[in-house]
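Predicted structure and sequence below. I'll ask about it afterward.
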Amino acid sequence: MSELFPENPTRRQLARGFLVAAGSTVMAACAGGRPAPAAARDDDRTRWRADVASRLNDLAPVATALPPLDRAIYEDRIERLRLAMRHESVAAMLLGPTVNLQYFMGFSWGASERLFGVLIFQSGDFAWIAPKFEESRARELIGSRGEVHTWEEWEDPHVLAARVVSKRARGQLLAVDSHLRATHAVRIAKALGEKYVTDGLPVTARVRSIKGAGELARIRRACEITKIALEIVRDRFLVPGCEEAIAAEAMNIAQQRLGLTKTWCLALFAENAAFPHGTKQRRPLRASDLALLDTGGELDGYQSDITRTFSAGEPTPRQREVYRCVRNAQKAALAAAKPGASCESVDAAARAVVAMSGFGSSTEYFTHRLGHGIGMEGHEDPYFCPGNTTILAPGMTLSNEPGIYLPGELGVRIEDIVAITREGAEIYGPPADDELR
């Protein structure tokens, strides 16, 4: 920020030079404490965003191109889907215009009130359901991969789908894409018979939870880029006077400049971080505060999700104690995460550390699950949480993110993405610091 920061500033110089009134839309006001006019707030927002971007002009993509995913992976995924269907006693699987269609077939289609999808049978045959007026476009994408059944605007596509299923798998189960619009699933169940329709999540999750080498490489690289951006933003922006909105904007721009797309950031300072997913309250950073940044982005269709908690000044003994507990809980979970272990046992390992550290019961201040799967979606199966007996296997990727949230005081969360290997679990990118800084 040219007018907020000197050239090549140290953190101490940044702290002296950070002008809150010039950089904050949250606290923008005119003389006398009255809210600034909307046009003035818009101008201010445009200006501070430009200032944030200017402080990151030296950044450039750090990612060398990864080899493209081989088209053969889609054949492998379909074969694994067929095995999963057999395991779940499902005769047919309906994939709608969702992330599952992209994962298994390699292309996307916009979701709408019009039903579009593919029926995959245990034999591996495909039957597509498409609007008649979209048939040409559909065939361009589908190619020779199965027959196409079309429906006119005045016809019911759900009845058509039920008819195609009945012809191939009468009296057997149809699994419906869990990401498909509920209205389509309900209407198909009505047309086919509710007892013949089941949730497709156990089928698709069995396949998608195990990542291939190309997927793992993309998740790893995305996490590494996010961690580089976190350190840059910490050094350049997390000083007294910084606003949560500025920190979030800086994280988004830094990650984009370094090579990620669809970036996001949740920035919470001091007692606001006691709300795990944020609050409508906004406040500037003080030297005595902690700053929690939960952030990520996308690389070649795969996600990162990292959380760090930093100190704006010299941490207090209380802040150090809470941070150390969370970090120890994270390390305990990492040690427990290995092939053959259950998801619930990894969650329990982290909670045991929190409970033994004197922060209430294992769930009083650690209020959410330990972690979630990650891949093409930021949150996907499996999950580290109580009651989840899913067994870990090599190729699974999950977040490891314990937290302690003390209402009215502070919140600390530390999150890394880990990949299950043959020997245990590997952290993608550098681990968090053992001590608060």
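Nice, I can see it.

how close does residue 110 get to residue 131?
12 Å (Cβ to Cβ, to the nearest Å). Using the backbone N, CA and C atoms, a C-beta is placed for each residue, glycine as well.

neighbour-wise, which of the two wins?
residue 131 (18 against 7; other Cβ atoms under 10 Å).

so what's that one closest to, chain neighbours aside?
residue 114 (5.1 Å; Cβ to Cβ, 6 or more residues apart in numbering).

That neighbour contacts residue 157, correct?
Yes: contact criterion Cβ atoms under 8 Å: residue 114 and residue 157 qualify, at 7.3 Å.

any shared contact partners between the two?
Residues touching both residue 114 and residue 157 (Cβ atoms under 8 Å, 6 or more residues apart in numbering): residue 131.

Out of those two, name the residue with the larger neighbour count.
residue 157 (24 against 16).

Does the more buried one touch residue 129 like I think?
Yes: judged on Cβ under 8 Å, residue 157 makes contact with residue 129 at a distance of 5.8 Å.

between these two, what contacts are shared?
Common neighbours of residue 157 and residue 129 (Cβ under 8 Å, 6+ apart) are 115, 151.

Where do the helices of the stretch 1-150 of the chain begin and end?
11-17, 20-23, 38-54, 72-87, 99-105, 135-142 (DSSP state H, counting those that start in this stretch).

closest one to residue 331 among the ones you listed?
Ranking these by proximity to residue 331 (Cβ to Cβ) places helix 11-17 first, at 27.9 Å.

Low-confidence bits of the stretch 1-150 of the chain, can you list those?
Applying pLDDT under 70 to the stretch 1-150 of the chain picks out residues 1-41, 63.

per the record, what domains does the chain have?
The chain is divided into the following domains under automatic domain parsing: 1-55, 72-208, 212-427.

Name the nearest residue to residue 145, sequence neighbours excluded.
In space, and not counting its chain neighbours, residue 145 is closest to residue 126: 5.3 Å by Cβ to Cβ, 6+ apart.

got the contact list for the one you found?
Each residue near residue 126 by Cβ under 8 Å, 6+ apart is listed here: 118, 119, 120, 142, 145, 146, 147.

Just the buried ones from the residues you listed?
118, 119, 120, 142, 146 (16 or more other Cβ atoms under 10 Å).

Out of those, the closest to residue 171 would be?
residue 119 (15.9 Å).

my read: that closest one touches residue 162, true?
No: assessed by Cβ under 8 Å, residue 119 is found out of contact with residue 162, at 10.3 Å.

and which of the buried ones among the contacts of residue 126 is nearest to residue 426?
residue 120 (32.9 Å).

Distance of that closest one relative to residue 280?
44 Å.

do the same with residue 234
Relative to residue 280, and taking Cβ to Cβ, residue 234 is found at 25 Å.

Have a look at those two and say which one is more surrounded.
Under the neighbour definition other Cβ under 10 Å, residue 234 and residue 280 were set side by side, and residue 234 has more, 21 against 6.

Helices of the stretch 151-300 of the chain, residue ranges please.
Under DSSP H, counting those that start in this stretch, the stretch 151-300 of the chain gives helices at 157-169, 182-192, 201-208, 213-237, 244-258.

Same list, the ones you listed, but as TSV with mean pLDDT and distance to residue 284 please.
Shown next, in TSV, are the helices of the stretch 151-300 of the chain (pLDDT from 0 to 100; distance: least, Cβ to Cβ, whole Å):
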stretch	mean pLDDT	distance to residue 284
helix 157-169	97	53
helix 182-192	97	42
helix 201-208	98	42
helix 213-237	98	12
helix 244-258	98	8
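
Same list (those) but as JSON lines, adding distance to residue 343.
Listed next are those as JSON lines, based on distance: least, Cβ to Cβ, whole Å:
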{"stretch": "helix 157-169", "distance to residue 343": "32"}
{"stretch": "helix 182-192", "distance to residue 343": "26"}
{"stretch": "helix 201-208", "distance to residue 343": "12"}
{"stretch": "helix 213-237", "distance to residue 343": "18"}
{"stretch": "helix 244-258", "distance to residue 343": "29"}
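
I'd like to know which of the ones you listed is closest to residue 414.
Here helix 213-237 is closest among the helices of the stretch 151-300 of the chain (Cβ to Cβ), at 11.6 Å.

Could you pull up the residues touching the nearest residue to residue 436 once chain neighbours are set aside?
Among residues not flanking residue 436 along the chain, residue 323 sits closest, at 4.0 Å (Cβ to Cβ, 6+ apart). For residue 323, the contact set (Cβ under 8 Å, 6+ apart) comprises 290, 309, 315, 412, 414, 435, 436.

I'd guessed the fourth one sits against residue 366; true?
So the one you mean is residue 412. No: assessed by Cβ under 8 Å, residue 412 is found out of contact with residue 366, at 10.3 Å.

Give me the common contacts of these two.
Shared contacts of residue 412 and residue 366, counting by Cβ under 8 Å, 6+ apart, come down to 403, 404, 405.

between those residues, which has the most around it?
residue 403 (27 neighbours).

Report the beta-bridge partners for it.
residue 413 (DSSP bridges).

Show the pLDDT at it.
Looking at residue 403, its pLDDT is 98.

Next: the one 10 residues further on.
In this model, residue 413 is scored at 98, pLDDT.

Would you confirm that it contacts residue 326?
Yes: when contacts are counted by Cβ under 8 Å, residue 413 is listed as touching residue 326 (6.9 Å).

out of those two, which sits in the busier spot?
residue 326 (28 against 23).

That one: what secondary structure?
helix (DSSP: H, G, I helix; E, B strand; the rest coil).

what separates stretch 252-265 from the chain centre, distance-wise?
Distance of stretch 252-265 from its chain centroid, counting by Cα atoms, centre = their mean, to the nearest Å, is 14 Å.

Show me which residues of that stretch are buried.
So for stretch 252-265, counting by 16+ other Cβ under 10 Å, buried means 252, 253, 254, 255, 256, 257, 258, 259, 260, 263, 264, 265.

which residues touch the fourth one?
With contacts defined as Cβ under 8 Å, 6+ apart, residue 255 is in contact with 225, 226, 229, 263, 295, 296, 297.
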